[in-house]
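1. Generate a structure from the sequence data that follows.
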Amino acid sequence: MPAPLSAVPIALDVTTLFIVATCVTGLLGLLLLVAWARNRIPALAWWGAAYLVGGFSVAVWSLERLIVLPTPIGIGNAMLFIACGMMWNAARVFHGRRVLISALIGGACLWLFSCVFADFAAWPSGRIVLSSTIIAGYTFATAAELSRERRQRLRRRWPAIFVPMLHGAVFLFPLPLASFLPGDSATVLLSTGWVALFVLELMLYAVGTAFIVLVLANERSVRIHRDASVTDELTSVLNRRGVLQAAPLLMAQQARRGAPVSVLMFDLDHFKQINDRFGHAVGDQALHLFATTATASTRATDIIGRFGGEEFVAILPGGPSDAKIVAERVRAAFQAAGVTVADCDLNATVSVGTASGAAGTDLIALLAAADAALYRAKSNGRNRVEQEAEVEMPVLYATTRPAERERPGPIRAAADETLAISSAVGR
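-> Next up is the predicted model:
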């Protein structure tokens, strides 16, 4: 009588699993390289190459168990360690950090050096401990690099951190076995069914990591395009659209605190004459210089943007006295910096108009008041700061119910992202 299915043990053939692992890893590597060719994110090329090297190392390691290869002893493991190092450096490249070649090949070099000694080659527990430590070290380093992403909240970053850490913890499992079990008992245990489980976990990790990498790359591409849509290409500050998207969040925050907000309008003096006399290239340099000067003269929480042509705007927390201080600081700094631009004696200056409103004041009303003050600064001789008297203005944010102000949504999320961009650009 045949045994019931529940009584039949599940057998995992190690050789079959190695073949499947090689194929899956290689296909994932090709998939990541295709994604790199489409998105041109350098980290994807590193991850794809790492997967291909890892798949090839598994194939070499499997063949070493069956036949004698004309390769140095332990070359399969060394290639696997290089693949792990490449994945760690891919995470570094993804966040704009440099590649550490010495650390990338350090694990492989340590392994090959150890294999030179006959005692190490005949010590299975030692090989298990060293190989597990190297893989876990690279994996934890990868998790540490991915955890440095600060533009996403932790709840959105945790898969990219948790999956490598879990993989590293799994590879630390052989260490206590090799340390506490007598003789080669740990080796016998790990060379039976546990090897199949390790290979299965390796495949799951490879698939999960590839999925996470593709998600991160897609988010990076979306963020790049979103940043480009709200950033002025010439000056690298926010454009008009970016300012109008970021301002509501800042003003709503001030309204909840019951604090005032101020708007500063800047206009470069005699800018048309600069273009006519020195050329548009020099004029562009003057615009870029002003954006750099204004950014350096304001706080990271202030919103700086180019409204069009030679006109810029700043939105910042605070009342008339704060606006006056900031406006005068920017005006003086640009007057000093604009004496010479692109080896031309420009003596460039800027006129500033400021307006401040109580908590909840409408942005459009503030912009109109600041523009009127700017017109007076132009009429009164330029290179000066004029303030609009604090007058009664339409109230927008104070009429919003607290529940509506606090409720997250796509508009609030977009404003939050734009405000983060304004804090990051040029800082």
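
2. hang on, D267 in a strand?
-> Yes. According to DSSP: H, G, I helix; E, B strand; the rest coil, D267 belongs to a strand.

3. what sits against it?
-> D267 makes contacts with E310, E311, F312, V350, S351, L374, K378, as judged by Cβ atoms under 8 Å, 6 or more residues apart in numbering. Bear in mind the C-beta positions are built from the backbone N, C-alpha and C, glycine included.

4. What average pLDDT does the helix or strand hosting S102 get?
-> Assessed by DSSP states H and E, S102 sits inside helix 101-115. The pLDDT scores in helix 101-115 average 92.

5. Do a quick rundown of the helices in the stretch 101-250 of the chain.
-> Listed in chain order, the helices of the stretch 101-250 of the chain (DSSP state H, counting those that start in this stretch) span 101-115, 118-121, 124-146, 154-172, 174-180, 185-190, 193-229, 240-257.

6. Export these as JSON lines, with columns for distance to T22 and mean neighbour count.
-> What follows is the helices of the stretch 101-250 of the chain, written out as JSON lines (distance: least, Cβ to Cβ, whole Å; neighbours: other Cβ atoms under 10 Å):
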{"stretch": "helix 101-115", "distance to T22": "19", "mean neighbour count": "17"}
{"stretch": "helix 118-121", "distance to T22": "24", "mean neighbour count": "12"}
{"stretch": "helix 124-146", "distance to T22": "17", "mean neighbour count": "20"}
{"stretch": "helix 154-172", "distance to T22": "18", "mean neighbour count": "17"}
{"stretch": "helix 174-180", "distance to T22": "22", "mean neighbour count": "15"}
{"stretch": "helix 185-190", "distance to T22": "21", "mean neighbour count": "17"}
{"stretch": "helix 193-229", "distance to T22": "10", "mean neighbour count": "16"}
{"stretch": "helix 240-257", "distance to T22": "48", "mean neighbour count": "20"}
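
7. Ok, which of those comes nearest A35?
-> When the helices of the stretch 101-250 of the chain are compared for distance to A35 using Cβ to Cβ, the nearest one is helix 193-229, at 6.1 Å.

8. so what does that closest one touch, helix or strand wise?
-> helix 14-39, helix 42-66, helix 75-94, helix 154-172, helix 410-424 (3 or more Cβ pairs under 8 Å, 6 or more residues apart in numbering; DSSP states H and E).

9. and with 6 Å instead?
-> With contacts taken as 3 or more Cβ pairs under 6 Å, 6 or more residues apart in numbering; DSSP states H and E, helix 193-229 sits against helix 14-39, helix 154-172.

10. With respect to M203, which of those lies nearest?
-> helix 14-39 (5.1 Å).

11. would TSV of the helices of the stretch 101-250 of the chain with distance to A337 be doable?
-> Shown next, in TSV, are the helices of the stretch 101-250 of the chain (distance: least, Cβ to Cβ, whole Å):
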stretch	distance to A337
helix 101-115	41
helix 118-121	64
helix 124-146	38
helix 154-172	39
helix 174-180	60
helix 185-190	67
helix 193-229	26
helix 240-257	23
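
12. Can you say which of the ones you listed is nearest to V58?
-> helix 193-229 (8.2 Å).

13. F278 contacts D345, correct?
-> No. Using Cβ atoms under 6 Å, F278 makes no contact with D345, being 9.3 Å away.

14. So what's the gap between stretch 305-323 and the chain middle?
-> 28 Å (Cα atoms, centre = their mean, to the nearest Å).

15. hmm, who's touching that stretch?
-> 232, 235, 237-238, 240, 242-243, 247, 254, 260, 262-268, 271, 302-304, 354, 356 (Cβ atoms under 6 Å, 6 or more residues apart in numbering).

16. Among the helices of the stretch 101-250 of the chain, show the one with the smallest mean pLDDT.
-> With a mean of 48, helix 185-190 has the lowest mean pLDDT of the helices of the stretch 101-250 of the chain.

17. tell me the domain boundaries of the chain?
-> For the chain, automatic domain parsing gives the domain ranges 5-229, 240-424.

18. ok, back up a step: pick out whichever of F278 and D345 has more residues nearby.
-> F278 (17 against 9; other Cβ atoms under 10 Å).

19. Quickly list what the residue nearest to the more buried one when sequence neighbours are not counted is bridged to.
-> Of all residues not flanking F278 in the chain, C344 sits nearest, at 5.0 Å (Cβ to Cβ, 6 or more residues apart in numbering). Counting by DSSP bridges, C344 forms beta bridges with V341.
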